[in-house]
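A.B. asks: structure of the sequence below:
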Amino acid sequence: MKHLLLFLALALSLALSAQQPALPVTTFDYAIPDNNVSPICIGMGGLNVTNAGDFFASYSNPALIGANTYSALLTSFRLKNEENLSFWEAASISNALRDKQFKYFTLLAKNTAWTYQPVASVHIVDTYANRSYRYYDYQMDKVQVSLAGRDDSWQPVSFGLNLKYLTGRLVYQVYNVPGENDVFIDDKIKGFSTDLGVTMDAGSMTFGVSGYDLFSRLYWENYPSVPIQRRMGIGAQYNSDNMILKAGLQGKLSQSTDTTYHFGFQYLWDWNSPGSPGRENVNQGIVLRLGMYSHDFYGTSNINYTFGTGYNYNVFRFDFSMNNQGMKIKDSEYLFSLGVGMP
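C.D. replies: Residues are numbered from 1 along each chain as shown. Below you'll find the predicted structure:
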């Protein structure tokens, strides 16, 4: 009798799922280079698993805040692209951040960081002369806690962990489209995910590894649960007094053909200038960043070229980056950040 009830329950759930329209969100792949939230990282080639001077480093590799002792509040935002994303393009992907204004807030403290990020944000309405319309709205937000520690007993080694809670909603509607059945979906999603990272300092060299969304699950209210695509980044960095050279690669753990190769350069000019009478000197700095990344570096059109700069004035700092593919400046994406140090 017990087995019969289980069979009937399974058959009923299968029957109900068969009546549901297909879920238009088919992939959950968020940790790609183009989606990085740091203009420091983007300016240096789109991957950072080794540079602890990146104030958004907990996003790329939580181990990089293992030696952090200061506090800061930072935010970054991406300019909107004037080109509209088509309805069917939105329905076929799950990480359409490039055509939306993007915001990222993080509070950095000693060995920890607290973060809020809108992971995905798509809102499109298409209307027609006969007053029929198509509607697509997909939002997902992330709250993240980053924890890190450091061991100096052998070589300086840092370890880090990101714990992520995700919540979102999908509203999808199609009416009177030739060749298509009317579709309406209104469903909520919740989930969790984790990143792990490690770095090691060896003289003027730094080595780092970070795994993204290694343990994850997203739970729809009316659809089967799904994992987030797992990725990994590996890198090495050479450090001098004012210069950084770095190289690395990132890709899916289950698909080697998706690997991207990253190269970056940074040079810093910093100085102290006299403050007002009775005050300490003012610390200032200007930085230049250059980089590139590609799947194969076969032809200019397959290469992303990056540029960045930044300026700090005591506890205040501003950073900017530009990312374009194939040297098409008019199609570039711009990422800005503002930050302030805290006592």
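
A.B. asks: can you confirm Phe265 is in a helix?
C.D. replies: No: counting by DSSP: H, G, I helix; E, B strand; the rest coil, Phe265 is not found in a helix; it is strand.

A.B. asks: state the mean pLDDT of the one helix or strand Met140 maps to.
C.D. replies: Element membership for Met140 (DSSP states H and E) is strand 133-151. Averaging pLDDT along strand 133-151 gives 91.

A.B. asks: repeat for stretch 185-194
C.D. replies: pLDDT averaged over stretch 185-194 gives 95.

A.B. asks: other residues contacting it?
C.D. replies: With contact meaning Cβ atoms under 8 Å, 6 or more residues apart in numbering, stretch 185-194 is reached by 20-21, 23-24, 140, 161-173, 213-223, 225, 228. The C-beta positions use only the backbone N, C-alpha and C, and glycine is treated the same way.

A.B. asks: ok, 7 Å please
C.D. replies: Residues outside stretch 185-194 that contact it (Cβ atoms under 7 Å, 6 or more residues apart in numbering) are 21, 23, 140, 161-172, 213-223, 228.

A.B. asks: again, but for stretch 59-70
C.D. replies: So stretch 59-70 is contacted by 36-38, 41, 48-49, 52, 54, 57-58, 108, 110-111, 113, 146, 148-150, 158-162, 195, 197-199, 208, 210, 341 (Cβ under 7 Å, 6+ apart).

A.B. asks: inside strands: which ones of those?
C.D. replies: 108, 113, 146, 148-150, 158-162, 195, 197-199, 208, 210, 341 (DSSP state E).

A.B. asks: re the thing from before, which among the contacts of stretch 185-194 end up buried?
C.D. replies: Buried subset of these (neighbour count, 16 or more other Cβ atoms under 10 Å): 140, 161-162, 164, 166, 168, 170, 172, 213-214, 216, 218, 220, 223, 228.

A.B. asks: Thr206: what secondary structure?
C.D. replies: Thr206 is classified as strand under three-state DSSP.

A.B. asks: got the contact list for it?
C.D. replies: 50, 199, 237, 239.

A.B. asks: repeat for Asp296
C.D. replies: Applying Cβ under 7 Å, 6+ apart, the residues near Asp296 are Asn302.

A.B. asks: so it versus Phe265, what's the distance?
C.D. replies: According to Cβ to Cβ, to the nearest Å, Asp296 stands 21 Å off from Phe265.
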